[in-house]
Structures are given as C-alpha cells and as structure tokens.
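> The sequence and its predicted three-dimensional model are supplied below.
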Amino acid sequence: MFRKKLALIAILCTFFAGNLQAEQIHSTWVGESRGDWETAINWNPALVPENGANTFAVTISGDVNVDLDESHFIDQLDCYGNVRLGINNGGLSEWVILKVVGPNGLRNHGYLSTDSQVMLDIEWNLVNFAGSTIDTAVNGGIDVDGNIENAGLIISCPPVGLMSSEVHNVGQIIVYGGVCSIGEEIWDNDSTGIIRGFGTLAFGTRGVRTLINKGKIYTTGGGLTVATNGLSSNTGTIGNTTLTSLNLMHVGIPSDMSNFGTIEVNAGGGVAFDCNLVNEPNGTIKLLGGTLAGQTITQKAGASLQGFGGITGDVVIDPDGIIKLTGPTNIIGDVTISSGATLQISDGLTLITGQTTCNGTIHIKGGYLIPQGGLSGNCNIIWEPGLYTNVADFNLDGKVNLKDFAYFADTWLWQTAWR
C-alpha cells in the first residue's frame, strides 16, 4: 500500500510539474473582417491558438468572420462585437469542433453565431451577458458540460442547437425546431427568463432532475414539447399561443406537475400534461377556448380555474375549491365535486362525458349541464338566471317570454310518448 501511495505521489508530481512549465498565451484576433483560424498572422501573438505545450485564452472582437479548416482545443474564448464562426470548406462532411477546456469557458459580450457545421464544445461554463446574443441558426451547435448563465438571448436551431448540463436563465431562449437543450441537473428559468418557440426542450433525459419555471415558457410558431425526467413546478407562466400546443411530458416515471403560477390555454390548441396536474392555492388556470389535458386535474382550495373550452382528463375539486366555467365546455373524463366544493357553470352548455360524483354544489347561472356519464352523490344543485342567458330562454333569443313556453310545449310536451 505504501509503495502504491509513493507511485501515485510521483505521478501527481510529474503532472503538476508539467503544468507549471505550461504558459497560458492571451491570443487576440487581429485579422481582417474575414480570415482563417489557421493563419498565424491573424493573431497577436502570431501563433495559431491550439493547446499543446502552452494553452490559449482567445479574444475575438469586431465585425469578423473566422473560418476553421479543422478542429481546435483552447482554454478560454471571449467574444465581443459581431463574431461569426464558420468553416472555410463548405464541402466538409464532418463537424468542425472548437473545444474550450478551461474553467472560464465561453464568455460572450456581443453577437456570436455559429454555422456551417461548427460545434462549440464547452467543457466548463458558458456566460451570455445581458444585451448579448448567441445564435446557432445555420447548422451550428453548442454543447456545454458545465453551466449556462444566460442574461441575453440564445437562439437555438436544429440539427444540434443548444445542449447543456445546468441552465440558469434570466434572459431569453428561443428554440426553432429540433432539441434545444439536454439539462442533466437543474433548469432554472428565473422570474425574468423567457423560453419560447417550437420543437423540443429536453430536461434531464439521463437522470432524475428538476425543471423550475419562475418566468415564462410558451409556444410560438408551432408545437413545443417540454420533456423532463424529474420534478416539475411552475410559479411563473406557461401556455400556448393561438393555434399551437404545449406538451409537458416525462421521459421517466411521471410525477405530479404543481402549478403555483399561471397556465394559459388559448384557442386552436392547448396545454397537455402526461401526468397529474395539481392547481395549488393561488395557482391560476385561464381556459381561453383551448384544451387543458392531464391524467387527473386537481383543483385546490384558493386556486383559480376559469373560462371555457375543453378539459381532457379526470377533474377533482377539493373541499372549498371552485371551478368556474363561463361558456361552452366539454369535459372528457370523470368529475368529482367534494363536500364544500363548487362547480359553477355560466352562460353556456357544459358536457361531462364521464361520471359526475357530486357531494358539494353545482351552481348553474344561465347555463346548461349535461352529465352524460351519470350524476350521483348528495349534490346541492342551484339554478338561476345568468347575466346574459337564462335557463328558461328555451328558444335562445335572449328573452324570457311566452314564446319560450310555446317553444317548450311544441318541442317537448307535444312530442312525448303519452300524447
């Protein structure tokens, strides 16, 4: 054992001695607006940045296009101005990789874009400062093994887009198709953070991880799938824009989605969860003509679920909870109204396809209820006129008069079997 320790110490001493001899060279781009990475005179000092006996901390600034013929290793990359990283030979069949291996990683202070099969491989951290942009819009990509701190704008596009370990976003991330991120630890979308677009946001696909949304996550331009393998909570706003859909799915075993913030469900699409959705106290769900889907949707006391549209999944209203449906709504599933809970239906027809079990209150204000799957329990049903409609307005002309009685008689009484 003692000899093994001596051998290990000798190896470590040799390693550190080699590192002490290495020098970090601060290399600055001095080339023209377009030039090759491999041309030494484009750099100060006139050396091609490539880790070897020495390491390189590279700074690129200005409105420049830097083309790479081959892959390179450096310690650090700082970008200022409008910097584009591309390849010199458009016919290359493989990716060109710029690997940044030092702890300071990539720090972007301007507009940095990667295209033409250029991959930025960051072994440590990436910082995108406020007012800065990272754009992988044209066949580029960024792979970060460490953390991403984004206070600016990150534009992620297929085929690779943005991949990372842990993300803290106080800026904006836009995904245009493909996979935006593979977060192995925690995705923290802070209160000022915005994530939007279409495609896939993949969180924690290789382990149990956490998605925390305190900002905004919503769709633009098409459907957006948020895939997670861990715990999920929302204290910000998530939703779909008109004619698009947001789908939150679990790669592993589904866990409940807890909503302490706002979920907006707009017309022409919807928001779907492949797990149970719990609308916690002070949580808000706005049903704005779209479809809300989940395995079981639980409405807690003090939570708000209002609007009209569609609900797919079983609905449970906890004691002292209330759901207000203010227009035509279809519920595809069972509905359980607990003691002390209320389902309020106003100004429209609500169809429930499953079993309605009510030990609380169904309050109908100028609306209509069709419990297609049956109604059971000790239910308190309250009927009253609404502001815009009345349950006695049988001909739906907005008025209650003798014409409604005539309509009722002609439609229902004169056509009964006993006539």
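Okay, I see it.
> Strands of the stretch 301-419 of the chain, start to end?
Along the stretch 301-419 of the chain, the stretches classed as strands by DSSP state E, counting those that start in this stretch are 304-317, 322-332, 335-337, 342-346, 349-352, 356-358, 361-365, 368-371, 375-376, 380-384.
> can you list these in CSV and add distance to Gln295, mean neighbour count and mean pLDDT?
(Glycine included, C-beta is placed from N, CA and C.) Shown next, in CSV, are the strands of the stretch 301-419 of the chain (distance: least, Cβ to Cβ, whole Å; neighbours: other Cβ atoms under 10 Å; pLDDT from 0 to 100):
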stretch, distance to Gln295, mean neighbour count, mean pLDDT
strand 304-317, 6, 21, 98
strand 322-332, 12, 20, 96
strand 335-337, 14, 24, 98
strand 342-346, 20, 22, 96
strand 349-352, 17, 20, 95
strand 356-358, 17, 22, 97
strand 361-365, 24, 19, 94
strand 368-371, 21, 16, 91
strand 375-376, 22, 14, 95
strand 380-384, 28, 12, 90
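> Dump those strands into a markdown table; add distance to Thr133 as well.
As requested, the strands of the stretch 301-419 of the chain are exported to a markdown table (distance: least, Cβ to Cβ, whole Å):
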| stretch | distance to Thr133 |
| --- | --- |
| strand 304-317 | 36 |
| strand 322-332 | 42 |
| strand 335-337 | 48 |
| strand 342-346 | 47 |
| strand 349-352 | 47 |
| strand 356-358 | 52 |
| strand 361-365 | 51 |
| strand 368-371 | 52 |
| strand 375-376 | 57 |
| strand 380-384 | 56 |
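> Among the ones you listed, which comes closest to Gln117?
strand 304-317 (42.2 Å; Cβ to Cβ).
> Run through the neighbouring helices and strands of the closest one.
strand 270-273, strand 277-279, strand 284-299, strand 322-332, strand 335-337 (3 or more Cβ pairs under 8 Å, 6 or more residues apart in numbering; DSSP states H and E).
> can I get those in a markdown table with distance to Trp95?
A markdown table is the format used below for those (distance: least, Cβ to Cβ, whole Å):
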| stretch | distance to Trp95 |
| --- | --- |
| strand 270-273 | 35 |
| strand 277-279 | 40 |
| strand 284-299 | 39 |
| strand 322-332 | 46 |
| strand 335-337 | 53 |
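> so which of those comes closest to Thr242?
strand 284-299 (8.3 Å).
> Just the angle for the closest one relative to strand 322-332, thanks.
70 degrees (axes from the mean of the first three to the mean of the last three Cα atoms, to 10 degrees).
> Now strand 284-299 - C-alpha only, PDB.
Only the C-alpha atoms of strand 284-299 are listed here, as PDB (Å, rounded to 0.1, in the frame of the first residue of the first chain):
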ATOM      1  CA  THR A 284     -54.300  30.200 -11.800                       C
ATOM      2  CA  ILE A 285     -55.500  28.400 -14.900                       C
ATOM      3  CA  LYS A 286     -57.000  30.500 -17.700                       C
ATOM      4  CA  LEU A 287     -59.100  28.400 -20.100                       C
ATOM      5  CA  LEU A 288     -59.300  30.700 -23.100                       C
ATOM      6  CA  GLY A 289     -61.000  28.500 -25.600                       C
ATOM      7  CA  GLY A 290     -58.300  25.800 -25.800                       C
ATOM      8  CA  THR A 291     -58.000  22.400 -24.300                       C
ATOM      9  CA  LEU A 292     -56.400  21.600 -21.000                       C
ATOM     10  CA  ALA A 293     -55.300  17.900 -20.700                       C
ATOM     11  CA  GLY A 294     -53.900  15.800 -17.900                       C
ATOM     12  CA  GLN A 295     -54.300  12.500 -16.200                       C
ATOM     13  CA  THR A 296     -56.000  13.900 -13.200                       C
ATOM     14  CA  ILE A 297     -56.500  17.700 -12.700                       C
ATOM     15  CA  THR A 298     -57.000  18.600  -9.100                       C
ATOM     16  CA  GLN A 299     -58.300  22.000  -8.100                       C
END
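> For it, which helices and strands make contact with it?
Looks like strand 284-299 contacts strand 257-259, strand 262-266, strand 270-273, strand 277-279, strand 304-317, strand 322-332 (3+ Cβ pairs under 8 Å, 6+ apart).
> Now tabulate those strands in CSV and tack on distance to Leu351.
Below are the helices and strands packed on strand 284-299 laid out as CSV (distance: least, Cβ to Cβ, whole Å):
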stretch, distance to Leu351
strand 257-259, 25
strand 262-266, 18
strand 270-273, 17
strand 277-279, 21
strand 304-317, 10
strand 322-332, 5
